[in-house]
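In: next one to model:
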Amino acid sequence: MADLDKHGSRIHLMDLVILIPALILALVMVTDAGTLAWNNFNLRTSVREGARYASHFPSLESEIKSAAVNKARTRGLDLEPDMVEVIGLEAAPGKLITVTAHYPTRITMLRLIGRREITLSATSAVKVLKLAE
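Out: Purely as a prediction, here's the structure:
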């Protein structure tokens with residue numbers, strides 16, 4: 001009986017040696033996927049905020065960018081104004097104005113293939129409303 005217990009515990013140890021790295025890898029993958037999803041959601045929300053502002057004030061590029069950047073910072077992203085692009089400045093009421101942002105996100109799993117980050121992009125286009133006085 002003692003030999004069987006000793007042999008059985010060796011098998012369990014080998015199972016753990018194989019299983020633990022696989023579990024760690026799965027945990028890192030789930031964490032990375034969550035980080036990507038969270039950052040993508042927050043980036044899209046921030047760009048929509050910039051677009052909302054742009055629909056009322058289409059000629060104020062720096063304020064449009066600030067609206068997107070401020071929303072991003074309240075949501076935990078370090079978005080900078082130079083990462084935000086506004087197309088359609090000075091648009092007339094009823095015309096489209098587009099706000100786009102590009103945000104680099106660090107992903108742990110990408111280091112295995114030699115990359116450190118992936119760039120997320122979000123775009124929101126809105127019609128300009130009646131111009132603010």
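In: relative to residue 96, how far out is the residue sitting nearest the centre point of the chain?
Out: The residue lying closest to the centre of the chain (Cα atoms, centre = their mean) is residue 39, at 2.5 Å. Between residue 39 and residue 96 the computed distance is 26 Å (Cβ to Cβ, to the nearest Å). Where C-beta positions appear, they are placed from N, C-alpha and C, glycine not excepted.
In: tell me the SS of the nearest residue to the residue nearest to the centre of the chain once chain neighbours are set aside?
Out: Take residue 39 and drop its neighbours on the chain: the residue closest to it by Cβ to Cβ, 6 or more residues apart in numbering is residue 105, 4.9 Å away. The three-state label given to residue 105 by DSSP: H, G, I helix; E, B strand; the rest coil is strand.
In: and after the top helix by length along the chain, which helix or strand comes next?
Out: Scanning the chain for the helix with the most residues, using DSSP state H, yields helix 2-56. Next along the chain after helix 2-56, taking DSSP states H and E as the criterion, comes helix 61-74.
In: rewinding a little: for the residue nearest to the centre of the chain, give me its contacts.
Out: 77, 103, 105, 120 (Cβ atoms under 8 Å, 6 or more residues apart in numbering).
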